[in-house]
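Trainee: build the 3D model from these lines:
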Amino acid sequence: MKQTAIEVKNLSAGYNNQAIMENLCFEILSGEIFVILGGSGCGKSTVLKHMIGLIPPVTGKIIIHGQDMVTAQGKTKNSLLQKIGVAFQNGALFGSMTVLENVMLPLKEYTDLPMDAIETIARVKLGLVDLEQGAFLLPDELSGGMRKRAAIARAMALDPSILFLDEPSAGLDPLTSAGLDKLIMDLRASLGITFVIVTHELESILAIADRTIMLEKQTKGIIATGPPKQLKQDKSNPYVYNFFNRNLELRNIKNDPKS
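Mentor: Numbering: from 1, shown residues only. Modelled structure (predicted):
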C-alpha cells in the first residue's frame, strides 16, 4: 500500500485573510501524478503556492512527509523545502546564467559539495530531461519546451521526492506538450517522484494523471475528485462532464449564430 506524501487538511486558500478556496481536504500518495485543475481564476496556482510554502494560507494544514509546511520554521522548514522541487509556469530561470549554471545554483546554496561534483550532478540532471546539448545556452536561446525541461532539471537538483509543476504545458505546441508528458511519466517510473501538477490542459490530464481534483470558483471548493478517465464518464455533475468531454460547449458554439 502506498504511503501518503502530502495531506491537505481544511485548507482555506487566499491572500490577506481573504479566502478564494475554502476547507479543501485531499491527500496525495507517494509516486502519484496528481493534478489540480479548474477554470481560469479559480485558485489553482494559489493553492500550489500555499503547498510549497511560498505564501501562508488563511487557515489549514499542509502535511508533507509528516511535517506541517504551514507551521515549520528555521532548519525544519529548510529541510522540508529541500524535499520538494518547483518548476513555475514561465520557468523562472535566471537570464544571465547558462542552463548549466541555473541547475547548479540550488546545489551551491544548499550543499557543501566541491564545484566539480556540483557540475557533475547538474549535468546528470540535464541528461535526465534530455537537455545535455543546451548546457551552455542562455534561457533566451532556448525554445519554450527546452525552458520547461531546464526548469524541471533545476527543480530536481537536490533530489526531491516531490515535484510541483505549475502549468507545464502552457504555451507549448501539441507535439512538444506530448514530449513533456512523456518526460514526466518517465521520471516517475525511473525515480519514483511524486508529481503535483496545476494545469487545465485536458489532453495532458487524461494522458498522465493518476488522480485529480477539480476546483470551482463559485463554490470555493472541490467539485470533483478521482481518476480523470473516470470523471470523463461521470454525468452526475454537468460542469465536470462538459469540461472533460467538451461536447456541450462545442455544440453550443456551433449552434450560436453570434459565434
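Trainee: tell me which stretches of the stretch 51-200 of the chain form strands.
Mentor: Taking DSSP state E, counting those that start in this stretch, the strands of the stretch 51-200 of the chain run over residues 59-64, 67-68, 84-87, 162-166, 194-198.
Trainee: which of those sits closest to Asp140?
Mentor: strand 84-87 (17.9 Å; CB to CB). For every residue, glycine as well, the C-beta is placed using N, CA and C.
Trainee: mind listing what the closest one pairs with, with the direction of each?
Mentor: If you go by DSSP bridges, strand 84-87 pairs up with strand 162-166 (parallel).
Trainee: distance to Ile20 and mean neighbour count added to the strands of the stretch 51-200 of the chain, as a markdown table?
Mentor: Formatted as a markdown table, those follow (distance: least, CB to CB, whole Å; neighbours: other CB atoms under 10 Å):
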| stretch | distance to Ile20 | mean neighbour count |
| --- | --- | --- |
| strand 59-64 | 13 | 19 |
| strand 67-68 | 22 | 16 |
| strand 84-87 | 21 | 24 |
| strand 162-166 | 17 | 23 |
| strand 194-198 | 14 | 24 |
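Trainee: got those as TSV, with distance to Leu113 and mean pLDDT columns?
Mentor: Formatted as TSV, these follow (distance: least, CB to CB, whole Å; pLDDT from 0 to 100):
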stretch	distance to Leu113	mean pLDDT
strand 59-64	25	95
strand 67-68	25	94
strand 84-87	17	94
strand 162-166	21	96
strand 194-198	25	97
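Trainee: go through stretch 208-227 and flag the buried ones.
Mentor: Buried positions in stretch 208-227, judged by neighbour count with 16 or more other CB atoms under 10 Å: 208-216, 220-224.
Trainee: kindly apply the preceding question to stretch 18-28 instead.
Mentor: Residues of stretch 18-28 classed as buried by neighbour count (16+ other CB under 10 Å): 19-22, 24, 26, 28.
Trainee: give me the number of residues near the residue nearest to Leu183 when sequence neighbours are not counted?
Mentor: Spatial nearest neighbour of Leu183, chain neighbours left out: Val129 (6.2 Å); criterion: CB to CB, 6 or more residues apart in numbering. Val129 has 23 neighbours, counted by other CB atoms under 10 Å.
Trainee: got the phi/psi numbers for Val129?
Mentor: Main-chain torsions, Val129, degrees, to the nearest 10: phi -110, psi 20.
Trainee: show me what stretch 222-242 is in contact with.
Mentor: Residues from elsewhere that reach stretch 222-242 (CB atoms under 8 Å, 6 or more residues apart in numbering): 24-26, 35, 205-206, 209-216, 244-245, 248-249.
Trainee: figure out which of the strands of the stretch 51-200 of the chain is closest to Leu142.
Mentor: Evaluated over the strands of the stretch 51-200 of the chain, closeness to Leu142 peaks at strand 84-87, with 13.8 Å, by CB to CB.
Trainee: which residues touch the closest residue to Ala153 other than its chain neighbours?
Mentor: Closest residue in space to Ala153, ignoring its immediate chain neighbours: Lys125 at 4.3 Å, by CB to CB, 6+ apart. Applying CB under 8 Å, 6+ apart, one finds that Lys125 lies in contact with 103, 153-154, 156-157.
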